[in-house]
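In: kindly return the folded structure for what I paste below:
(2 chains)
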Protein chains: 2
Amino acid sequence: MEQVDEESSKSISKKAAKKEAAKQEKLRRRQEAALASAAASITIEEQEDPLAVNYGNVALNELQSKEETDLTEWTRVGDLNEELKDKEVLIRGRAQTTRAVGKNMAFVVVRQKGFTVQCVVTVQPDFVSRQMVKFVAGLSRESIIDVRGLVSVPSVPIKGTTQQVEVEVRKLHCISKAMPTLPINIEDAARSEKEIEEALQAGEQLVRVNQDTRLNYRVLDMRTPANQGIFHIQHEVGSIFRKFLESEGFDEIHTPKLIAGTSEGGSAVFKLDYKGQPACLAQSPQLHKQIAICGDKERVFEVGPVFRAEDSYTHRHLCEFVGLDVEMEIKKHYSEVMGIVDRLFVTMFDHLNEKCKKELDAVRRQYPFEPLKYLRKTLRLRFEEGVQMLKEAGVEIDPYGDLNTESERKLGQLVLEKYGTEFYILHRYPLAVRPFYTMPCYDDAKYSNSFDVFIRGEEIISGAQRVHVPELLEERAKACGIDVSAITTYIDSFRYGAPPHGGFGVGLERVVMLFCGLNNIRKASLFPRDPLRLAP
Amino acid sequence: MEQVDEESSKSISKKAAKKEAAKQEKLRRRQEAALASAAASITIEEQEDPLAVNYGNVALNELQSKEETDLTEWTRVGDLNEELKDKEVLIRGRAQTTRAVGKNMAFVVVRQKGFTVQCVVTVQPDFVSRQMVKFVAGLSRESIIDVRGLVSVPSVPIKGTTQQVEVEVRKLHCISKAMPTLPINIEDAARSEKEIEEALQAGEQLVRVNQDTRLNYRVLDMRTPANQGIFHIQHEVGSIFRKFLESEGFDEIHTPKLIAGTSEGGSAVFKLDYKGQPACLAQSPQLHKQIAICGDKERVFEVGPVFRAEDSYTHRHLCEFVGLDVEMEIKKHYSEVMGIVDRLFVTMFDHLNEKCKKELDAVRRQYPFEPLKYLRKTLRLRFEEGVQMLKEAGVEIDPYGDLNTESERKLGQLVLEKYGTEFYILHRYPLAVRPFYTMPCYDDAKYSNSFDVFIRGEEIISGAQRVHVPELLEERAKACGIDVSAITTYIDSFRYGAPPHGGFGVGLERVVMLFCGLNNIRKASLFPRDPLRLAP
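Out: Predicted structure coming up:
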């Protein structure tokens, strides 16, 4: 299902999808049953165990803040290394997999935040009983366990774990039991298309978890290495965005999401009743961030939800996404805004490539992609130049119209071939395709002081110089068919002295999706909302 | 109106308020008229001016990104100092005030981001004509102007400006004209109660701008030094919150604000139609941040809007505010969460006191307050101890009930007297007054592993260990009268292995309000939303 989760997905027959899902489910259950029967085959005489204190399920009472914590006792799985040889450690993590070897030995791979270590439970007088081995072998996958043991260094490299040491278990307690059969298995959810295809060619059918099932069980899907990577990268994008802007003198603002009336756009808004008044959810912080500029904030940014009630079923639209918004005074030219875009994103890409290697590798293992090609100084191309490049490549488009998805992608290819970059700015868009508050060009009112920014042929940023002259703003609103009486507070904001200014908006999920070359924006949103999805 | 803008404000007669507003308006207009007639008294023979290029209103065309910007040309008002003596500078800012001295000289105080400088326009051959002096004297207040001139250092200190140099003007152009009569004057909006009272005692009635008028014209009100300070402090609070948590291994997440059904709380939610499905706005990111923890995010935070449709008309409630939310795995005890609260806020207060001196002073000049008293290690008091302290002070309260606003304030006083701090944690609240997902105490199920945090006797934070055991969670939900079928996804999230965890939520505006000792949360929200206000 993964590959077809694109704009075309609507057309796929629901029947076929259901049939495929049923087949996958059957396959999964068969595998589960085999595993369960293997675990059950370990039979041990049930008897009083003098070593019972060393293992078992922890009673709820023990987990209700009974004792103060001594955090120095604990070691992180990712910190387990050869230097700790023969030292006793205490770790907490998930039982990723368990495996019994006869009645006297069991292995459990413990996972914590993407790091894994193999723990060995061997029958030993004074420490480990057969019953304990059985208990460990019978742990359901994804249960949370506490393990106390000695670090040992095997003579041969350990396959399948990140840490190259083992833990010889002395004590092992289960903190939280997972259901024996999970709705989706982490290893299934973590599988790449390539693995599935290769197995198929070798005659083996592996489970493929489709995008919808992943989202239904996001709590499990989130645990895959790729998703741990994606959402840490998402965190980093937001973090760099803020830090860079802060270093350039921007302040964060918080504008209201509850707006009187029906927002500037008119259509595609979520409407609600606000204490008897008609209200809607903000489609962008545009008007308020401009008011903040008129209120002498000089340079502002915002990170917050943006709501679009559009019926878009594409791979790149959501009904709720995180907007990264910027607005700033300019002295003379909208290139001051493009300068911020340029340096902000080059800084961001550099940082991600440098500091998120592990995360990017994890994403790449499941969803292969090429590193983003970008220049030290971001290419700025005029809209007219773009049109010309497309024309020369045989694509005819309206010079005063907008680019469609297809021509954007084509232009992306042409730019990559000619300039060697997958990240560039296209500016001086036709005025007719931009919002009413966009400043027309000084020399040709058919064009505007605006720009879009593209990654891998898809738009991620829209920006512009804004109209700061109330008379012109009113005129432009009327020309665009907007009810001026509904935006008087906004227009009046420019009557008390308004500095020339501009700004831009970025979709956080799009940045993550396109930097990582993902095929669906839902992969870059923790709990996506689209016309068909309002859960979990 | 300022002082009564408290919980009691509802009871104030609307008539009296209207009458007062009309009186203020009359007073204001009278002052405006006086100023206007003073400006008009400067009459100059109208004639062709050979120096006309040095001043005037800039044509729109010049402000439409006609020329690329050379940012090195520009100096910030805050950077003007004696080292620049005799240097030519170019500044942009607002004409805060203008004053003519005869026909040959005018002063204009230029303000940029809270800094002010006096600019002197004197008739000089080759540079400044009488017409230019007239133009400058006639500038409407709050207009945006570009000034080019030489820096000079007067022999006596300059009163009323932040910069201790002057600019001898060579060129002065108006970029954006403000209306000659503003709905509120910045100097009126910037006035402290004390000034108004003192003037009144001296027989002079000064304009007092009430809270509602301020919010109606927030774009002007925002420009006062106090508000510039407040909203920069708000920025810093968010910034330190994130940076501290990042340094402790927390990742930012973004949870959806559009939620199916009617949210966990049931009442006081904003409802809307989501593509034919009943939906509501999230009252907190509680459920989703816990799902993220079960999804192995380990430590997360979120900064985002929170929606409460409550009919609260108090000085400390908003219908939309910015929630700072934290959720984290714990090893054993909810004191791990309190430890984060402790260090986070001590770090924050230290930082604000150190890095925001100028802003705090600006706030204090208009709204006097004492610096917050807090300890290096935050006091933790048990709920039972709090009840006992109140009892000893003669306040009887239900030991298994909640504190009301009055007893919270009283306890704040008692704590200040006994421990010398206005910031403390009260923990082990009665279970009955906490949400269903709160973990009961291990030794007494009438109490819970929860806490509130207070500043100056008012609650700003609520936190707790959460129930991570699905069976107990279900039981608690039922006990609290919650429809378990509506929260199955949430409860199921704990069936796949769930680590013990806890967290807390903070209201950004409350932190700012209480740190700065403001009397109304609307002063700490750029565009507040309350049951009566949905604009601007």
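In: how far does the longest strand along chain A sit from the chain's center?
Out: When chain A is parsed with DSSP state E, its longest strand is strand A:88-101. From the chain centre to the centre of strand A:88-101 is a distance of 29 Å (C-alpha atoms, centre = their mean, to the nearest Å).
In: please name the nearest non-neighbouring residue to A:V101.
Out: Using C-beta to C-beta, 6 or more residues apart in numbering or on different chains and skipping residues adjacent in sequence, the residue nearest A:V101 is A:F107, 7.1 Å away. Glycine gets a C-beta too; all of them are placed from N, C-alpha and C.
In: helix or strand for the one you found, which one?
Out: Assigned by DSSP states H and E, A:F107 belongs to strand A:105-112.
In: what inclination does the longest strand of chain A have with respect to strand A:105-112?
Out: 130 degrees (axes from the mean of the first three to the mean of the last three C-alpha atoms, to 10 degrees).
In: other SSEs contacting strand A:88-101?
Out: Packed against strand A:88-101 by the contact rule (3 or more C-beta pairs under 8 Å, 6 or more residues apart in numbering or on different chains; DSSP states H and E) you find helix A:14-40, strand A:105-112, strand A:115-122, helix A:130-137, strand A:144-152, strand A:166-176.
In: can you rerun that using 7 Å?
Out: Using 3 or more C-beta pairs under 7 Å, 6 or more residues apart in numbering or on different chains; DSSP states H and E, the elements in contact with strand A:88-101 are strand A:105-112, helix A:130-137, strand A:144-152.
In: was I right to think A:L60 contacts B:V469?
Out: Yes. The pair A:L60 / B:V469 is scored as a contact, 5.8 Å apart, by C-beta atoms under 7 Å.
In: the two: who's more crowded?
Out: A count of neighbours by other C-beta atoms under 10 Å in any protein chain shown puts B:V469 above the other of A:L60 and B:V469, at 20 against 15.
In: show me what contacts A:F127?
Out: For A:F127, the contacting residues are A:51, A:54, A:170, taking C-beta atoms under 7 Å, 6 or more residues apart in numbering or on different chains as the criterion.
In: of those residues, which is the most crowded?
Out: Using other C-beta under 10 Å as the neighbour criterion, A:N54 leads those with 21 neighbours.
In: look up how far A:K87 lies from that residue.
Out: For A:N54, the distance to A:K87 equals 19 Å [C-beta to C-beta, to the nearest Å].
In: could you do A:E310 as well?
Out: Distance of A:E310 to A:K87, computed by C-beta to C-beta: 57 Å.
In: comparing those two, which residue is more hemmed in?
Out: Set A:E310 next to A:K87 and count neighbours by other C-beta under 10 Å: A:E310 wins out with 17 against 11.
In: and that one, what pLDDT?
Out: Looking at A:E310, its pLDDT stands at 89.
In: surely it touches A:A268?
Out: Yes. With contact defined as C-beta under 7 Å, A:E310 counts as touching A:A268 (4.6 Å).
In: could you point out which element follows the helix or strand hosting A:A199?
Out: Assigned by DSSP H and E, A:A199 falls within helix A:193-201. Moving toward the C-terminus from helix A:193-201, the next helix or strand (DSSP H and E) is helix A:211-216.
In: name every strand pairing with the strand holding A:F107 and say which way it goes.
Out: Strand A:105-112 pairs in its sheet with strand A:88-101 (antiparallel), strand A:115-122 (antiparallel), by DSSP bridges.
In: relative to helix A:130-137, how tilted is the longest one?
Out: Taking the same axes, to 10 degrees, one finds strand A:88-101 and helix A:130-137 inclined to each other by 90 degrees.
In: in strand A:88-101, which residues are buried?
Out: For strand A:88-101, a neighbour-count test (16 or more other C-beta atoms under 10 Å in any protein chain shown) marks A:89-98, A:100 as buried.
In: so which of the residues you listed is the closest to A:P368?
Out: Among those, A:Q96 lies closest to A:P368 (C-beta to C-beta), at 23.5 Å.
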